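Participant: Task: produce atomic coordinates for the following.
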Amino acid sequence: MRTLLFFGILVFGLHLNIWAQDHQHAAGHALTYPDIPGFITLKTDLHQHTVFSDGEVWPSIRVMEALRENLDAISLTEHLEYQPHKADIPHPDRNRSYQLAREEAKDHGLMIIPGSEITRNAPIGHSNALFTTDANLLLAEDPETPFAEAKKQNAFVFWNHPAWYRQSPSGNPVLSEFQSERIKNGELHGIEVINEHDYAEESFALALKHNLTIMGTSDIHGLIDWQYLEKGFHRPITLVFAKKRSLESMREALFAGNTAAVYNGLLVGKPQFINPLIKASVKINKATYIPNTDILEVELENISSSDLLFENEMNYNFYSSSPVFEIPANKTFTLKIKTLEKVSSVALKLKALGAYTAPKTHPVITWDVSVE
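Facilitator: Predicted coordinates for the structure are as follows:
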């Protein structure tokens with residue numbers, strides 16, 4: 001099985017390498033999300049692994065996968081302490097994975113963020129440190145030193161998969177004294193609310209309660225293609241709302257909490273980011289009345305890579321449609337509204353059922369529609 005796996009990776013890598021040289025995105029896989037007022041929307045996956053810890057691929061493969069999906073930035077967060085491939089790939093320098101990825105990405109516009117995963121048993125758990133200057137200095141026997149050193153390096157640190165059943169058998173995150181102390185000391189700044197296929201509502205609640213940056217990551221070990229794309233899914237990502245497309249601006253945005261976690265049709269974040277993101281994701285292409293009727297046809301276009309599920313929140317009802325409808329990613333949908341009389345404009349008010357601005361709370365978005 002292992003031989004077949006590495007053969008598959010080799011073939012996949014050769015295919016991606018040929019594609020990457022042409023600087024083209026594979027149809028159907030490139031992720032797109034609109035900018036929102038005042039910010040550039042950066043698509044990132046900041047928790048990934050390679051053979052330099054417990055992953056199954058070389059760092060260059062991670063770069064090629066990210067280019068294929070049109071990501072803006074990635075981080076290869078290798079376990080500092082857990083090194084199962086060390087006998088086959090000895091590497092005394094814990095920065096090596098980052099260096100190889102940065103070299104591969106330098107001509108492609110993909111930003112590579114240096115990072116590492118601090119790995120401990122519960123209740124300490126796992127955390128990622130991003131924007132480190134030297135990962136080797138985070139190696140230590142005691143659990144406090146890596147976090148203190150990360151702070152010295154001005155690193156952004158987030159708590160990984162706190163609801164993981166191997167860390168918390170209940171499937172719910174447990175905020176221990178250790179995490180509480182790290183937050184108090186300014187050594188823990190974010191938390192994963194989406195990791196791999198799992199959305200943890202309780203982690204989202206902790207993020208809001210303790211003002212932790214909301215993160216979504218793939219935590220990929222194998223191939224993105226096998227785990228997500230061939231199954232019809234996109235990887236979980238963190239949308240970072242930054243002032244500029246740069247590493248420094250991204251660092252500032254992460255510390256400020258300017259993020260949303262996204263996994264296909266699931267969007268999780270604070271209302272000041274989720275609401276304008278959804279509003280910008282839906283374009284009103286045209287609005288006209290069906291001849292000799294009071295039924296207004298509104299063509300809506302979803303310009304994002306997330307299927308958007310909505311429920312009617314207007315006083316008007318729909319014609320020939322359920323109050324709940326979906327606009328597939330990068331598709332259009334014509335909504336028919338019974339206005340009962342001709343109007344020159346209408347406030348299209350919809351609840352976004354796939355989005356959360358707090359546990360069990362969906363945002364309601366309004367578009368001003370001018371009738372032609």
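
Participant: lowest-confidence helix or strand of the protein?
Facilitator: None of the helices or strands of the chain scores lower by mean pLDDT, DSSP states H and E than helix 2-21, at a mean of 46.

Participant: Which is the succeeding secondary structure element to it?
Facilitator: Scanning forward in sequence from helix 2-21 by DSSP states H and E, the next helix or strand is strand 40-48.

Participant: Skip ahead from that following strand and say which helix or strand is next.
Facilitator: helix 59-68.

Participant: Just give the strands next to the next helix or strand after that following helix in its sheet, each with its orientation.
Facilitator: Going down the chain from helix 59-68, the next helix or strand is strand 73-76, by DSSP H and E. Note on strand 73-76: by DSSP bridges, its sheet partners are strand 40-48 (parallel), strand 111-112 (parallel).

Participant: Leaving out the residues flanking it, which one is nearest to residue 155?
Facilitator: residue 129 (4.3 Å; C-beta to C-beta, 6 or more residues apart in numbering). Glycine gets a C-beta too; all of them are placed from N, C-alpha and C.

Participant: same question but for residue 335, I mixed them up
Facilitator: Nearest to residue 335 is residue 298, by C-beta to C-beta, 6+ apart, at 4.8 Å.

Participant: so the one you found touches residue 337, yeah?
Facilitator: Yes: applying C-beta atoms under 8 Å, one finds residue 298 in contact with residue 337, separated by 6.4 Å.

Participant: Against residue 72, how distant is residue 213?
Facilitator: As judged by C-beta to C-beta, to the nearest Å, residue 213 and residue 72 stand 17 Å apart.

Participant: The two: who's more crowded?
Facilitator: Set residue 213 next to residue 72 and count neighbours by other C-beta atoms under 10 Å: residue 213 wins out with 25 against 21.

Participant: you'd agree residue 226 is in a helix?
Facilitator: Yes: Residue 226: assigned to a helix according to DSSP: H, G, I helix; E, B strand; the rest coil.

Participant: Pull up the per-residue confidence for it.
Facilitator: Confidence at residue 226, expressed as pLDDT, is 96.

Participant: in the sheet, who's paired with the closest residue to residue 276 other than its chain neighbours?
Facilitator: Spatial nearest neighbour of residue 276, excluding adjacent residues (C-beta to C-beta, 6+ apart): residue 36 at 4.1 Å. Note on residue 36: beta-bridge partners by DSSP bridges are residue 39.

Participant: Tell me how many other residues crowd residue 36.
Facilitator: Residue 36: 22 neighbours (other C-beta under 10 Å).

Participant: Verify the stated contact: it with residue 277.
Facilitator: Yes: the pair residue 36 / residue 277 is scored as a contact, 5.5 Å apart, by C-beta under 8 Å.

Participant: Helices along the stretch 101-250 of the chain, start to end?
Facilitator: 144-152, 177-184, 201-210, 224-227, 247-256 (DSSP state H, counting those that start in this stretch).

Participant: in the last one, what's buried?
Facilitator: Across helix 247-256, burial judged by 16 or more other C-beta atoms under 10 Å covers 247, 249-254.

Participant: would CSV of these with pLDDT and distance to residue 226 be doable?
Facilitator: Output for the buried residues of helix 247-256, formatted as CSV (pLDDT from 0 to 100; distance: C-beta to C-beta, whole Å):
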residue, pLDDT, distance to residue 226
247, 98, 30
249, 98, 33
250, 98, 28
251, 98, 32
252, 98, 35
253, 98, 31
254, 98, 29
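
Participant: Closest one of these to residue 283?
Facilitator: residue 253 (25.2 Å; C-beta to C-beta).

Participant: No further queries at this time; thank you.
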